Structure formats: structure tokens, C-alpha cells
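1. The sequence and its predicted three-dimensional model are supplied below.
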Amino acid sequence: MDLLNLQTLTDMLGTSLRLSVPLIFAALGGVLSERSGVFNIALEGKILAGAFGAALGAFLFNDPFGGLLVGILFGMLAGSILAVLGVSLGVNQIVTGIAINLFVLGITAFLSRIVFGAQANTLRLPGFKPIDLPGLSSIPVIGPVLFRQDLMVYLMIALAILVFLFLYRTPWGLAVRAVGDNPAAADTAGIPVHGVRYGCVIAAGGLAAMGGSYIVLSQVFLFSEHMSAGKGFIALAAVILGRWHPLGALAACLLFGMFDALQLRLQFNYQDVPHQFFQMLPYLISILALVGLVGKPRPPAAIGRDYRREAK
């Protein structure tokens, strides 16, 4: 098989984009949260919460839009837990994030057995179908990759642009970055530090949950236990690799998606090699990228630090 032919290139690029989408949703949430100073290791749990919520909503309403809405709400609920514990109560944000990941892993497995029962792995849920844009989708290579995708891919692109514009072109984004770098100075300037962090963390939960919703509603059309499969941690690595910039994180996610697509292609071409060897590629690349490619990234100065207003 010729790996360099045009159809293979088109398939590889399309697969890379589709595999990047859940990472990008989660990474955008991670950027928003961490720019406000809240370290968001709970992205993994929020993706899984969104996946279960999307499956539940699609199952109950028999509609992918209902699934997406419920998925977002579940992710925002997980974000609210992180906000209450990490922002209001000042609990260590890393410990809180790990606890949320473990809690969501257990509760979704328990609830999926109650809701879906034995049909969990065979039930086909309603989902989003690819939209074929007339004229544009017929362009060689670029057309099928960019203009033959489902609604959530276009939503992801729009949200990436909106998060960038919000953070770097609006006074609200300036307030978020000020809170993440120097919450005391931001507080002195009249910015509600806890309010900003609450908003960013809850919004981040919704964004990450959209990544989980995409997996259920656009890729597999069912829910299975632990289906997030480490994507939240790869998204977190993309946030760091992208230097806490939404477009940088997007580029890093596309890179990880490309290697994920590559490992699928290698599994198909080299079936005599254990598939676990190829499956580790995206995780190996994320480690190597963080160790050797990003230099010394400068995170928001107050990331992970609790803030309490000093008594006057």
C-alpha cells in the first residue's frame, strides 16, 4: 500500500482533525481555567462527565442536541465542584482535580449500569452526521478534511476563535489574565477574583464536556466506562505545550491528533507488531514534547495559588 497517495493523505488529515477535536475542546477549557489561576487537572473527569451526560441526554431525548446540552451541564457541574473546593474553600487544586477524576470515573460507571444496563456497549445513540458543504467539499484534500465534518467540528473552530478573542481582545479577558497573574493587584483594581475564577472554571467544565460529548455523539455513538482514556491529560499537556494560549493549545492538540491517527495507520499496516506499542505513541510524544520542545514555559504567575483578601 502506498502511504503517500492523495487519498491516504486526505484520510490521514481527516482522521487527525477528528481525533484532535475532543482534545481541543478540553484544552480550550484548560487555557481558560488556568489563565484565571486555577490549575485544572480535572479535565479528564470533565471529559468523562460530558461523555456520560451526552449519552444520557441522547438516550432520554433521542436527539443529539439534547445529548450535547446535558453533556455540557454535567461538565459544568464537575467544574462547579472544582470551583467550590479549589476557589471558595482553598483546597489544594491538584488534590481536588485528582479527586474529581476518580469520583467521575466511579459514578459514571455505576450510573451507566443503572441507566443502560446490559445494552450499554451495543446501544447505538443518535448523533451528529457530517455536513457536506456543496462546492467546498469537492476541493482536493482540503475539501473532505475541512468541509465534510459534523456540526461539532465547526463549533470547535468557532469556540477556539472566540476564546482567543475573549482573552486577548476584550476587557473581560484582560481581567481573567490579571487574576491569573496577580490576584491581589486585580482585587485592588476592583476585579472580583473569586467571581472570575468561578466563571472560568465552570465554563472550562462545559468546554471539556463538549469534548466528551463529541466522542459519544460524533465518533462511537455509545457510552463505555473510562472512555476518556487519558485524553484530559493529553489536553493538559497541550495547554502547557501551547504556553497557555488558545491557538497554541489548538496547534498542540492537532499535533497529538496527527500522531494518534498515525498510530492507527501503523496498526493497520504492521499487524504483526503488538498494537499496544503503537497506542502509546500519543502519550510518548506528549512526554517528549513537554520535556524537550517547550523550553521553559512561563505559566500564569498565580496558577494553583489560593487567594484570600487580607483583612484591613
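-> Done, it's in.

2. Just the strands from the stretch 101-250 of the chain, written as ranges.
-> Under the criterion DSSP state E, counting those that start in this stretch, the stretch 101-250 of the chain contains strands at 131-132, 148-149.

3. which ones are touching Arg49?
-> Let me fix one detail, which is that residue 49 is Ala and not Arg. Ala49 makes contact with Gly71, Phe74, Gly75, Leu77, Ala78, Val104, Thr108, Gly205, Ala209, Gly212 under the criterion CB atoms under 8 Å, 6 or more residues apart in numbering. C-beta: built from backbone N, CA, C; applies to glycine.

4. Likewise for Ser112?
-> Contact analysis of Ser112 by CB under 8 Å, 6+ apart lists Phe52, Ala55, Ala120, Phe223, Ser224, Glu225.

5. Among the contacts of Ala49, name the ones in helices.
-> Gly71, Phe74, Gly75, Leu77, Ala78, Val104, Thr108, Gly205, Ala209, Gly212 (DSSP state H).

6. Would you reformat those as a markdown table and include distance to Ile157?
-> As requested, the ones in helices among the contacts of Ala49 are exported to a markdown table (distance: CB to CB, whole Å):
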| residue | distance to Ile157 |
| --- | --- |
| Gly71 | 19 |
| Phe74 | 23 |
| Gly75 | 19 |
| Leu77 | 26 |
| Ala78 | 24 |
| Val104 | 27 |
| Thr108 | 28 |
| Gly205 | 21 |
| Ala209 | 18 |
| Gly212 | 18 |
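
7. Out of these, who's the most crowded?
-> Gly75 (37 neighbours; other CB atoms under 10 Å).

8. a markdown table for the ones in helices among the contacts of Ala49, including distance to Pro297 and pLDDT?
-> Output for the ones in helices among the contacts of Ala49, formatted as a markdown table (distance: CB to CB, whole Å; pLDDT from 0 to 100):
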| residue | distance to Pro297 | pLDDT |
| --- | --- | --- |
| Gly71 | 31 | 96 |
| Phe74 | 31 | 97 |
| Gly75 | 26 | 96 |
| Leu77 | 31 | 96 |
| Ala78 | 26 | 95 |
| Val104 | 28 | 95 |
| Thr108 | 32 | 93 |
| Gly205 | 24 | 96 |
| Ala209 | 26 | 96 |
| Gly212 | 26 | 95 |
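
9. Closest one of those to Arg197?
-> Gly205 (12.6 Å; CB to CB).

10. surely that closest one meets Ile47?
-> No: counting by CB atoms under 8 Å, Gly205 does not reach Ile47; the two are 10.0 Å apart.

11. So for these two, which residues contact both of them?
-> Common contacts of Gly205 and Ile47 (CB under 8 Å, 6+ apart): Gly75.
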